[in-house]
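Trainee: Return atomic coordinates for the entry below.
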Amino acid sequence: MKPRLLILSDMWGLEHCTWIEHYVELLDPVFSIQLYDSCALGNVAVTDAGEEAIHSAFVHGGIDTAANKLLSLETGKVDIMAFSMGGSIAWEAGLKGMDVGRLYAVSSTRLRLRSEKLDCRIQLFYGAEDLSQPDLSWFEKSGVDPPLLERGGHDFYKATSSARRICRTIISDRGI
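Mentor: Numbers count the residues shown, from 1 in each chain. The predicted model follows:
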């Protein structure tokens, strides 16, 4: 039986992230994948909303709502791959008691604001030019290994080449 892997979208939700198909295609032979739309989990509307409004909706209750919803949907130990805001949702769900075995967070810049550490294996990926990623002191204080850096800024993960490298790392981490 394949291990389970939850994949959480970025703040734009599944409808607006066709790039996620690259990850599903590469990981599906190895994992039993469950996709989650971060907007749906957090009750955040993206229709006719700009980036600032969506971001604000997540920060002002959407992350917490999404984490609670995820907790109600998933029981048992899970591995999670989460993009951007999805990483904040996964982190919060873990702090609230979700049994997370491994967290692979990609461009989850809001984690720099967290001081509580999750009790699981954590691998973070950031674009080398993303100015909002946590600094080295955050990694030292939190006990999290330094990130794997990719070329590019915050949205580096949308490139097929980035998807290939990230998925190889995840599969290798699982020893598969």
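Trainee: Let me know the average pLDDT across stretch 27-41.
Mentor: Mean pLDDT, stretch 27-41: 96.
Trainee: Could you list the low-pLDDT ranges of this protein?
Mentor: Within the chain, the segments meeting pLDDT under 70 span 176.
Trainee: For the most centrally placed residue in it, give its distance to Ser9.
Mentor: In the chain, the residue lying closest to the centroid (CA atoms, centre = their mean) is Ala82, at 1.7 Å. In this view, Ala82 and Ser9 are 8 Å apart by CB to CB, to the nearest Å. No exception for glycine: its C-beta is placed from N, CA and C like everyone else's.
Trainee: what does Cys39 give?
Mentor: 7 Å.
Trainee: Show me the strands in the chain, by range?
Mentor: 4-8, 32-36, 78-83, 100-106, 121-127, 148-150 (DSSP state E).
Trainee: Mean neighbour count, those strands: which tops it?
Mentor: strand 78-83 (a mean of 25; mean count of other CB atoms under 10 Å).
Trainee: any idea of the angle that one forms with strand 32-36?
Mentor: Angle of strand 78-83 versus strand 32-36, following axes from the mean of the first three to the mean of the last three CA atoms, to 10 degrees, is 50 degrees.
Trainee: Now do the contacts for the nearest residue to Arg164 once chain neighbours are set aside.
Mentor: Among residues not flanking Arg164 along the chain, Leu26 sits closest, at 6.7 Å (CB to CB, 6 or more residues apart in numbering). Applying CB atoms under 8 Å, 6 or more residues apart in numbering to Leu26 gives the contacts 163-164, 167.
Trainee: Kindly reformat these as TSV containing distance to Tyr157.
Mentor: Supplementary listing: the contacts of Leu26 in TSV, determined by distance: CB to CB, whole Å:
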residue	distance to Tyr157
Ala163	7
Arg164	11
Cys167	11
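Trainee: Would you mind writing the PyMOL command to select the buried ones in those residues?
Mentor: In PyMOL syntax, the buried subset of those is picked out as below (16 or more other CB atoms under 10 Å):
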select buried, resi 163+167
